[in-house]
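Trainee: I'd like to go over a predicted model; first the sequence, then the structure.
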Amino acid sequence: MADELLTTGEIDAAMADLPDWHRAGGALTRTMDTYDFRTAARIVDKVVTEAQKLDHHPDVDIRYGKLTFALSTHSAGGITSRDVALAHRVEEAAGHFIRSHD
Ligand SMILES: C[C@H](O)[C@H](O)[C@H]1CNC2=NC(N)=NC(=O)C2=N1
C-alpha cells in the first residue's frame, strides 16, 4: 500500500517531539553542528544502519562540521510517517555524538 502524506496538523503534532526539526521544501530538515567532518560521517554511518532497517533513506549534506538531513518520502512526494520515524532514529544516532543541538 502506498504511503500517505501527512496532513499539516499531523506534521505539526509530530514535530512537537522533534524540536530541532523544520519543514522545508516538502521535507523534514535538521542541521546539526558536528564541529568536524569525521563526527558528521560517524553520525551518517549510524543513520545508514537505521535507514537500511527501515528501508527509508535520508538526503544528507555534509559541509565540514555542519550536517543536514532532509527527510521526505520520494515515492509519495512529501512527508509521511516514515519520515517522522526516521527523524527519531536520526536524533538517537546524533545523540551519541553531540550534546547540544542547534
Ligand atoms: C525499493 C525501496 O523500498 C524504495 O525505493 C524506498 C527506499 N528508500 C526510500 N527512501 C525515501 N526517503 N523515499 C522513498 O520513496 C524510498 N523508497
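Mentor: Right, received. Where do you want to start?

Trainee: wait, a strand at residue 97?
Mentor: No: assignment of residue 97 by DSSP: H, G, I helix; E, B strand; the rest coil gives coil, placing it outside any strand.

Trainee: can you tell me how far it sits from residue 26?
Mentor: Distance from residue 97 to residue 26, counting by Cβ to Cβ, to the nearest Å: 28 Å. From N, CA and C alone the C-beta is placed, and that goes for glycine too.

Trainee: so these two - more neighbours on which side?
Mentor: residue 97 (16 against 13; other Cβ atoms under 10 Å).

Trainee: quick one: residues contacting that one.
Mentor: 34, 39, 42, 43 (Cβ atoms under 8 Å, 6 or more residues apart in numbering).

Trainee: so where's this structure uncertain?
Mentor: Applying pLDDT under 70 to the chain flags residues 1, 99-102.

Trainee: nearest the middle, which residue of it would you pick?
Mentor: residue 87 (3.9 Å; Cα atoms, centre = their mean).

Trainee: which element is the closest residue to residue 18 other than its chain neighbours on?
Mentor: Once flanking residues are discounted, residue 18 sits nearest to residue 87: 5.3 Å by Cβ to Cβ, 6 or more residues apart in numbering. If you go by DSSP states H and E, residue 87 is part of helix 81-95.

Trainee: spell out which parts of this structure neighbour the ligand.
Mentor: Residues of the chain lying near the ligand by Cβ under 6 Å from any ligand atom: 55, 56, 57, 73, 74, 75.
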